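*Asks:* This is the structure alone, sequence omitted:
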């Protein structure tokens, strides 16, 4: 090795090392900031009061988030109730039944839909859904129902794309064996393919629920953002994310207000973490049984 | 009692109906944006100054922010991916870094917005600016970019590296001349996806990039992206004289049209690169 080569070797290695360290540093600082400021919110408001109370008063500096947690969960679960069955049906259709031509049109369309900015969905909700709900069901129109419908449309492409992948990854020998035993295609799908794709299907639901609970902008635009417990589907409400969206500019000076938003973020993170761990657990179990 | 076949036919028709109905609804929605946005699409609107309601600042701002983000993102993510796949020993620490990156990818983007406010806006730059926004987006895209790049690097056959070493090349020379060139399309795909995120994300930028309607010059200036502009048009009260709420909403639809067209173009580009890469790999086999 010449001197020059040795030099560039060392330079290259240290350069790579520096970049990797910066990435690691970014990672650690994100975790550090979220946990530090989140815990400060717990400390300043009292842990139990912050989580189980229901007041959010910027003037008095008292913050608690129970209505936000309820709002987030209601909206997410409501969206999943509809988008999971619809999404799985489409995935089965695309993976097993659809002719090649139909698939070649639908799949790219779904890929594009996944990438469409959430503000566009929010805008559509504002213009089409909110007035419709106001006129036909009463209330201000800005409501949980509007948020749920917008979310359904937003997470469907994600569920379909992921679920279709997992259905396609079931070995075709399983399917052929079942068909050879005289089962119909429908029986094969129901008794062989879907159970085998279970772990992938579950993680597609988890991914979608992560997207749903983390979605901020579209929900903020249609949910009305009132800090109350929702009593019916046409009531406005507020979620953990839309709360952050509405106040982040105002709170960008620091202090207890910003900490309280970080507290919301930390709770959000906790929920996402539980979802991820569950899907990780299912995935591992799925591997063992197959 | 239905026979097995008629049972199957019924389920098949239901599945056909659900999928077609869903696609029609989604296409109608996109079509609605186009139809509502099209009448606004005049050159004077697209290239007009934003202080008069045009799109000049959001377009320049989106471009500016994309370029700044890529300047930070590409070296960081490629460097980290090369480190993880070529230099790092495969031990618990490397696994830990990889695992943390994966979990970071699932964090809601609004949380990155909070982080950006706390670190970049409040501590580093003292104001919402393009540089604070692009650093926030870098953090947001980093996990995904590292994963894509590492995957591209790992798919390169080990034999190629060994052939390079066998010819007397050093490790660094091999990385520069064998590994990275062959991972280019994987990296490019990641870059395009990241550009898509810069264009589509709004939550992390709310308080980090400012919302100035003036053309940005230095990275310390505030600006707005197209998606942010859409959000302001849709949620804020009219500020420009003589405009009603409906005017602003139809302007927002026009911005939505531009956004959707951009996303479609990016998807198309990603597909082209992917196909190019696939052909190359097939060529070697």
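*Replies:* Yes, it's here. Since the structure is predicted, the reported quantities are computational estimates derived from the model, not experimental observations.
*Asks:* Please enumerate the strands of chain A.
*Replies:* Under the criterion DSSP state E, strands of chain A are mapped to A:56-57, A:62-63.
*Asks:* And the stretch 1-150 of chain B, by the same measure?
*Replies:* With DSSP state E, counting those that start in this stretch as the criterion, the stretch 1-150 of chain B has no strands.
*Asks:* any chance of the strands of chain A in TSV, plus distance to chain B?
*Replies:* In short, each C-beta sits where N, CA and C put it, glycine included. Listed next are the strands of chain A as TSV, based on distance: least, Cβ to the nearest Cβ, whole Å:
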stretch	distance to chain B
strand A:56-57	16
strand A:62-63	14
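*Asks:* Out of those, flag the one nearest residue A:33.
*Replies:* strand A:62-63 (18.2 Å; Cβ to Cβ).
*Asks:* Paired strands for that closest one, with orientation please.
*Replies:* If you go by DSSP bridges, strand A:62-63 pairs up with strand A:56-57 (antiparallel).
*Asks:* Could you pull up the mean pLDDT of the strand it pairs with?
*Replies:* What strand A:56-57 shows for mean pLDDT is 86.
*Asks:* what does stretch B:276-285 give?
*Replies:* 62.
*Asks:* and the stretch 151-290 of chain A, which residues reach chain B?
*Replies:* Proximity of the stretch 151-290 of chain A to chain B (Cβ under 8 Å from any Cβ of the partner chain) is limited to residues A:153, A:156-157, A:184-187, A:207, A:210, A:213-217, A:220-221, A:241, A:244-245, A:248-249, A:251-254, A:258, A:261-262, A:265, A:268-269, A:272-273, A:276.
*Asks:* what does the stretch 151-285 of chain B have sitting close to chain A?
*Replies:* With Cβ under 8 Å from any Cβ as the criterion, the stretch 151-285 of chain B meets chain A at residues B:170-173, B:175-176, B:196, B:199-203, B:206-207, B:227, B:230-231, B:234-235, B:249, B:252-253, B:256, B:259-260, B:263-264, B:266-267, B:271.
*Asks:* So which of the residues you listed are in helices?
*Replies:* Among these, DSSP state H puts B:171-173, B:196, B:199-200, B:227, B:230-231, B:234-235, B:249, B:252-253, B:256, B:259-260, B:263-264, B:266-267, B:271 in helices.
*Asks:* Apply the buried test to the residues of the stretch 151-285 of chain B next to chain A and list what passes.
*Replies:* B:170-173, B:175, B:196, B:199-203, B:206-207, B:227, B:230-231, B:234-235, B:252-253, B:256, B:259-260, B:263-264, B:266-267 (16 or more other Cβ atoms under 10 Å in any protein chain shown).
*Asks:* I'd like the strands of chain A as JSON lines, with distance to residue B:214 appended.
*Replies:* Formatted as JSON lines, the strands of chain A follow (distance: least, Cβ to Cβ, whole Å):
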{"stretch": "strand A:56-57", "distance to residue B:214": "34"}
{"stretch": "strand A:62-63", "distance to residue B:214": "35"}
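*Asks:* Most tightly packed of those strands?
*Replies:* Comparing those by mean neighbour count (mean count of other Cβ atoms under 10 Å in any protein chain shown), strand A:62-63 ranks first with a mean of 20.
*Asks:* Quick test: name the residue nearest the centre of the chain.
*Replies:* Picked chain A for this. Taking Cα atoms, centre = their mean as the criterion, residue A:211 is the residue nearest the geometric centre of chain A, at 1.4 Å.
*Asks:* Sorry, I should have been clearer: chain B.
*Replies:* residue B:197 (2.1 Å).
*Asks:* Hmm, that one is touching residue B:138, no?
*Replies:* No - taking Cβ atoms under 8 Å as the definition, residue B:197 is not a contact partner of residue B:138, at 10.7 Å.
*Asks:* Relative to residue B:161, which of the strands of chain A is closest?
*Replies:* strand A:62-63 (55.0 Å).
*Asks:* What average pLDDT does the closest one get?
*Replies:* 88.
*Asks:* How about residues contacting that strand?
*Replies:* With Cβ atoms under 8 Å, 6 or more residues apart in numbering or on different chains as the test, strand A:62-63 has contacts from A:41, A:45, A:50, A:53, A:55-57, A:256-257, A:260, A:263.
*Asks:* tell me which of the residues you listed is nearest to residue B:49?
*Replies:* When those are compared for distance to residue B:49 (Cβ to Cβ), residue A:257 wins out at 34.5 Å.
*Asks:* Distance of the closest one relative to chain B?
*Replies:* Between residue A:257 and chain B the distance is 11 Å, computed by Cβ to the nearest Cβ, to the nearest Å.
*Asks:* With residue A:64 instead?
*Replies:* Note on residue A:64: its distance to chain B, by Cβ to the nearest Cβ, is 18 Å.
*Asks:* The residue nearest to that residue when sequence neighbours are not counted and residue A:63, how far apart?
*Replies:* Closest residue to residue A:64 apart from its sequence neighbours, by Cβ to Cβ, 6 or more residues apart in numbering or on different chains: residue A:53 at 3.0 Å. Plainly put, residue A:53 is 8 Å away from residue A:63 if you go by Cβ to Cβ, to the nearest Å.
*Asks:* Ok, residue A:159 next?
*Replies:* 34 Å.
*Asks:* next one: residue B:265
*Replies:* 43 Å.
*Asks:* One more: residue A:36?
*Replies:* Per Cβ to Cβ, residue A:36 is found 17 Å from residue A:63.
*Asks:* for residue B:17, same thing?
*Replies:* Note on residue B:17: its distance to residue A:63, by Cβ to Cβ, is 48 Å.
*Asks:* And for residue A:228?
*Replies:* For residue A:228, the distance to residue A:63 - Cβ to Cβ - is 15 Å.
*Asks:* cool, residue B:158 as well?
*Replies:* Per Cβ to Cβ, residue B:158 is found 55 Å from residue A:63.
*Asks:* longest single helix anywhere in chain A?
*Replies:* Chain A, longest helix under DSSP H: helix A:3-45.
*Asks:* same for that helix, what does it pack against?
*Replies:* Packed against helix A:3-45 by the contact rule (3 or more Cβ pairs under 8 Å, 6 or more residues apart in numbering or on different chains; DSSP states H and E) you find strand A:62-63, helix A:256-289, helix B:56-82, helix B:92-105, helix B:109-116, helix B:130-154, helix B:171-174.
*Asks:* possible to save these as a markdown table with distance to residue B:275?
*Replies:* Shown next, in a markdown table, are the helices and strands packed on helix A:3-45 (distance: least, Cβ to Cβ, whole Å):
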| stretch | distance to residue B:275 |
| --- | --- |
| strand A:62-63 | 52 |
| helix A:256-289 | 30 |
| helix B:56-82 | 22 |
| helix B:92-105 | 26 |
| helix B:109-116 | 30 |
| helix B:130-154 | 15 |
| helix B:171-174 | 27 |
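*Asks:* what's the most buried one of those?
*Replies:* helix B:109-116 (a mean of 28).
*Asks:* which secondary structure elements does it contact?
*Replies:* Counting contacts by 3+ Cβ pairs under 8 Å, 6+ apart, helix B:109-116 packs against helix A:3-45, helix A:198-214, helix A:240-251, helix A:256-289, helix B:130-154.
*Asks:* ok, 7 Å please
*Replies:* helix A:3-45, helix A:240-251, helix A:256-289, helix B:130-154 (3 or more Cβ pairs under 7 Å, 6 or more residues apart in numbering or on different chains; DSSP states H and E).
*Asks:* between that helix and helix B:92-105, how many degrees?
*Replies:* 110 degrees (axes from the mean of the first three to the mean of the last three Cα atoms, to 10 degrees).
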